[in-house]
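Undergrad: with the input below, show me the fold.
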Amino acid sequence: MTATKTILDIRGKQLKLETAADVAPFTTGVDPTTLTAIYLGGNSIGVEAAKEFGRFLETADVLQLADLGDIFTGRTIEEIPAAIKALLDPLSHKTSLREINLNDNAFGERVVPFLTPFLETNHSIRVLRLNNNGLGPAGGKKIAEAVCKSAPTDGSRSNLEVVICGRNRLEDPGAAAWAKAFEAHKTLIEVQMPQNGIRMDGAEALGQGLVACSELQIVNFQDNAFIDVEMDEEGRKAVRAWGEAVKTSWPKLRFLDLSDCMLSNGEGEVPPLLEAFNDPNTKNLQNLQELRLQNNNLDAKSYEVLAQAVTKLTKLKRLDLQDNDDVEDNEHLDDIAEHLKAHGGKLIRTEEDEEEEEDVEENVEESPEEVEAAAEISAPLATEKSTFQKAADTLANLMSKVHVG
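TA: Next comes the predicted model:
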């Protein structure tokens, strides 16, 4: 007999829930012992309401997904700590929990002590979403240290696979702490940390820490600075570290976004990372399908190296070089464009190329088989719905009598 599964879904309703009485209409009649997913995102939840949800979650022992993203709009910094503690405490020891979404909550460093006990204690989480939380360098460091403490120390395999921690101003201290966390867990499939103000030292540490993650498929570090243009060789240590990582690790890598990362000084310098793509000893890029290198001061010499490399990147379908030097008139880029087109891929040189690609995608009717194949090429895992979200959405549609809202 198939076990009953229940979903509580009030996301995006823009409710302002203050008291236990405000929560009751949504939990009444829902059996928490069969609850597999709870979606609270897009509502404003006060302390007493959070406590009521917390009481409801105490017996939710088969819960797999908790969406607590964007639940404190309009709340004061005095309210948020008690509210998030009330929601997370009952989840700390849920061995069924696979995904937690805390995106778009203005935590800041002050709220971090109320997050770390959960992160240290729950060893079952596979997907951790902490995007746009205003953590800052000190807060980001403490969060990463808590995640590091949750890594197994007995030789068993960690469950953590996806970390999304962008737009948090982690800077170098936070990046270095996350590098240690990734190295401790070793199981990361996807890491996204864009727009964090990370500079050379932090980028180097992350490249070195992620070497331990041999199953890595998705990497997004867009808009962080990899080189110090005022320094010579020492100023290139982060780009070298990532080049070594590409050569020695990540055989399953399929998506890499290093756009806006200042990989070169723009004076004919070829980043060591690009040289690694063309290194005869590099055997770990056979699954790379999308490479984004926008706005990195690349020029003709880098394009020459890339033109040689793309012939070896047999699965590459999209190379984005927008906002680099002389992208519209270069023979090496012409060669790259022809090669990718012949293999069903595309070189993006300008915004017009990208718009053209989008127009084609909108106008072409694809078979189910083509849609499935395309999903394997383009989007990072975190931008797609998770397995749990897809299952939850399906169940929500089929089980209207338990879909609350």
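Undergrad: run through the strands of the stretch 51-200 of the chain in chain order.
TA: 65-67, 99-101, 127-129, 162-164, 190-192 (DSSP state E, counting those that start in this stretch).
Undergrad: check which helices and strands the third one is in contact with.
TA: Secondary structure elements in contact with strand 127-129, counted by 3 or more C-beta pairs under 8 Å, 6 or more residues apart in numbering; DSSP states H and E, are strand 99-101, strand 162-164. Bear in mind the C-beta positions are built from the backbone N, C-alpha and C, glycine included.
Undergrad: can I get those strands in a markdown table with mean neighbour count, distance to residue 197 and mean pLDDT?
TA: Below are the helices and strands packed on strand 127-129 laid out as a markdown table (neighbours: other C-beta atoms under 10 Å; distance: least, C-beta to C-beta, whole Å; pLDDT from 0 to 100):
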| stretch | mean neighbour count | distance to residue 197 | mean pLDDT |
| --- | --- | --- | --- |
| strand 99-101 | 23 | 23 | 98 |
| strand 162-164 | 23 | 17 | 98 |
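Undergrad: turn those strands into a markdown table, including distance to residue 214.
TA: Shown next, in a markdown table, are the helices and strands packed on strand 127-129 (distance: least, C-beta to C-beta, whole Å):
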| stretch | distance to residue 214 |
| --- | --- |
| strand 99-101 | 23 |
| strand 162-164 | 16 |
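Undergrad: re the thing from before, so which of the strands of the stretch 51-200 of the chain is nearest residue 39?
TA: strand 65-67 (4.3 Å; C-beta to C-beta).
Undergrad: partner strands of the closest one, with direction?
TA: strand 35-39 (parallel), strand 99-101 (parallel) (DSSP bridges).
Undergrad: so what touches the helix or strand that the longest one is followed by?
TA: Next along the chain after strand 35-39, taking DSSP states H and E as the criterion, comes strand 44-45. Counting by C-beta atoms under 8 Å, 6 or more residues apart in numbering, the neighbours of strand 44-45 from elsewhere in the structure are 14-17, 53, 71-75, 83, 87.
Undergrad: quick one: buried ones out of the residues you listed?
TA: Neighbour-count burial (16 or more other C-beta atoms under 10 Å) applied to those gives 15, 17, 53, 71-72, 75, 83, 87.
Undergrad: and the furthest pair within these?
TA: Using C-beta to C-beta, the two most remote members of the buried ones among the contacts of strand 44-45 are 15 and 87, lying 15.4 Å apart.
Undergrad: mind listing the helices for the stretch 101-250 of the chain?
TA: 108-111, 116-121, 136-149, 171-185, 200-210, 237-248 (DSSP state H, counting those that start in this stretch).
Undergrad: flag every buried residue along the second one.
TA: Read that as helix 116-121. 116, 118-119, 121.
Undergrad: so can I have TSV of those showing distance to residue 322 and pLDDT?
TA: TSV is the format used below for the buried residues of helix 116-121 (distance: C-beta to C-beta, whole Å; pLDDT from 0 to 100):
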residue	distance to residue 322	pLDDT
116	39	98
118	40	98
119	37	98
121	44	97
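Undergrad: from these, which is closest to residue 164?
TA: Of those, the one sitting nearest to residue 164 (C-beta to C-beta) turns out to be residue 119, at 13.9 Å.
Undergrad: now the strands of the stretch 51-200 of the chain as JSON lines including distance to residue 303?
TA: Below are the strands of the stretch 51-200 of the chain laid out as JSON lines (distance: least, C-beta to C-beta, whole Å):
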{"stretch": "strand 65-67", "distance to residue 303": "43"}
{"stretch": "strand 99-101", "distance to residue 303": "40"}
{"stretch": "strand 127-129", "distance to residue 303": "36"}
{"stretch": "strand 162-164", "distance to residue 303": "32"}
{"stretch": "strand 190-192", "distance to residue 303": "27"}
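Undergrad: and of the ones you listed, who's closest to residue 91?
TA: Nearest to residue 91 among the strands of the stretch 51-200 of the chain is strand 65-67 (6.1 Å), distances taken as C-beta to C-beta.
Undergrad: how deep is the residue nearest to residue 168 when sequence neighbours are not counted tucked in, by neighbour count?
TA: Closest residue to residue 168 apart from its sequence neighbours, by C-beta to C-beta, 6 or more residues apart in numbering: residue 135 at 4.3 Å. Residues lying near residue 135 (other C-beta atoms under 10 Å) number 26.
Undergrad: I figured residue 135 was touching residue 112, is that so?
TA: Yes. Using C-beta atoms under 8 Å, residue 135 is in contact with residue 112, at 6.8 Å.
Undergrad: shared neighbours, the two?
TA: The contact sets of residue 135 and residue 112 overlap at residue 143 (C-beta under 8 Å, 6+ apart).
Undergrad: what about residue 276, helix or strand, and which?
TA: According to DSSP H and E, residue 276 maps onto helix 272-277.
Undergrad: which neighbouring elements make contact with that helix?
TA: helix 237-248, helix 300-309.
Undergrad: what residues of the first one count as buried?
TA: The one in question is helix 237-248. Buried, per 16+ other C-beta under 10 Å, within helix 237-248: 237-247.
Undergrad: list the contacts for residue 19?
TA: Residue 19 makes contact with 46, 48-49, 52 under the criterion C-beta under 8 Å, 6+ apart.
Undergrad: swap that for residue 32, sorry
TA: Contacts for residue 32 were tallied using C-beta under 8 Å, 6+ apart; they are 56-60.
Undergrad: of those residues, which is the most crowded?
TA: Among the contacts of residue 32, residue 60 has the most neighbours (other C-beta under 10 Å), with 25 neighbours.
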